[in-house]
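> Output the structure for:
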Amino acid sequence: MKAEDLKDLDIQELLGKLQELDFENVGGWPAAAKIGAAIIVFAVVVGLGYMFSITDLNNQRDRAQNTENTLMQQLEQKAHRAHHLDQYRAQLVEMEETFGSLLQQLPRETEVPGLLEDITHTGLGSGLEFDRIELAAETEREFYAELPIQITVRGDYHGFGAFVSGVAGLPRIVTLHDFTIVPAQQGSGERLLRMNVTAKTYRYASSPPPAPAPRANQRRRR
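So this is what the prediction gives:
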């Protein structure tokens with residue numbers, strides 16, 4: 001079959017000629033049919049090979065690339081740490097020295113009497129009346145010990161604010177915790193509030209705790 005003949009064939013004629021082919025006698029097919037069949041078989045083989053082989057290889061390559069990227073990132077991080085290891089060690093030594101210096105600044109004794117006096121003067125100076133100021137059991141920590149002081153005072157919000165500010169300004173480290181404010185009993189006709197608060201002071205724990213001071217229950221007002 002010549003090229004000029006193929007141009008004159010329409011689709012119906014082409015399908016008719018394909019139907020006339022004897023699949024049991026492929027060797028007797030025209031050359032053009034043999035070439036077309038070979039191309040189709042080759043395309044099918046390549047397509048199946050791509051689906052079952054090349055696709056799997058591509059997936060393996062992608063997984064290997066992801067693993068490589070992860071390992072490279074880990075390597076860079078470890079290399080960075082190794083490069084700055086001496087700097088990190090120096091910073092650690094400096095931090096330990098600073099922490100030790102701060103611990104040394106804590107008093108080695110609680111100095112309770114003077115502290116109670118300072119807190120009392122601060123409250124009285126803020127216009128508050130003390131219903132209670134007493135010590136609780138000391139708690140030992142790893143590097144320090146804390147001594148809670150239970151305080152109950154009466155006054156107004158302005159006085160409470162001045163008291164808290166005054167305690168924060170004491171030269172001794174004192175922190176305030178567990179605030180509760182409720183209306184006080186109306187005894188003198190004044191509208192007062194009652195505040196319960198726990199003050200905590202600290203000492204360096206290298207020395208044994210001193211003997212506890214006696215409880216101090218006071219009712220004072222300036």
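> The helix or strand harbouring Thr152 - what's its average pLDDT?
Taking DSSP states H and E as the definition, one finds Thr152 inside strand 144-155. Averaged over strand 144-155, pLDDT sits at 90.
> Against which helices or strands is that strand packed?
Where contact means 3 or more C-beta pairs under 8 Å, 6 or more residues apart in numbering; DSSP states H and E, strand 144-155 is packed against helix 112-125, strand 129-135, strand 139-140, helix 157-168, strand 193-204. Every C-beta, even on glycine, is put in place using the N, C-alpha and C of the backbone.
> Which of those sits closest to Ala184?
With C-beta to C-beta as the measure, strand 193-204 is the member of the helices and strands packed on strand 144-155 nearest Ala184 (4.2 Å).
> quick one: strands adjacent to the closest one?
strand 144-155 (antiparallel), strand 174-183 (antiparallel) (DSSP bridges).
> residues making contact with the first one?
Residues external to strand 144-155 that are found in contact with it (C-beta atoms under 8 Å, 6 or more residues apart in numbering): 103, 106, 110, 112, 115-116, 119, 123, 126-139, 160, 163, 184, 192-205, 209.
> Confidence-wise, which helix or strand of the chain is lowest on average?
Every helix and strand of the chain was ranked by mean pLDDT, DSSP states H and E. The lowest is helix 3-8, at a mean of 49.
> Now the longest helix anywhere in the chain: buried residues?
For the chain, the helix with the greatest residue count under DSSP state H is helix 55-83. Judged by neighbour count (16 or more other C-beta atoms under 10 Å), helix 55-83 contains no buried residues.
> and the strands paired with strand 193-204, which is most packed in?
Most buried of the strands paired with strand 193-204 by mean neighbour count (mean count of other C-beta atoms under 10 Å) is strand 144-155; its value is a mean of 20.
> Dump the C-alpha coordinates for that one into PDB.
Provided in PDB are the C-alpha atoms of strand 144-155 (Å, rounded to 0.1, in the frame of the first residue of the first chain):
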ATOM      1  CA  TYR A 144      17.700  28.100  99.800                       C
ATOM      2  CA  ALA A 145      15.100  28.000 102.500                       C
ATOM      3  CA  GLU A 146      11.900  30.000 102.600                       C
ATOM      4  CA  LEU A 147      10.100  31.300 105.700                       C
ATOM      5  CA  PRO A 148       6.400  32.100 105.300                       C
ATOM      6  CA  ILE A 149       4.800  34.900 107.400                       C
ATOM      7  CA  GLN A 150       1.000  35.000 107.700                       C
ATOM      8  CA  ILE A 151      -0.300  38.500 107.800                       C
ATOM      9  CA  THR A 152      -3.900  39.900 108.300                       C
ATOM     10  CA  VAL A 153      -4.400  43.600 108.100                       C
ATOM     11  CA  ARG A 154      -7.400  46.000 107.900                       C
ATOM     12  CA  GLY A 155      -7.600  49.100 105.900                       C
END
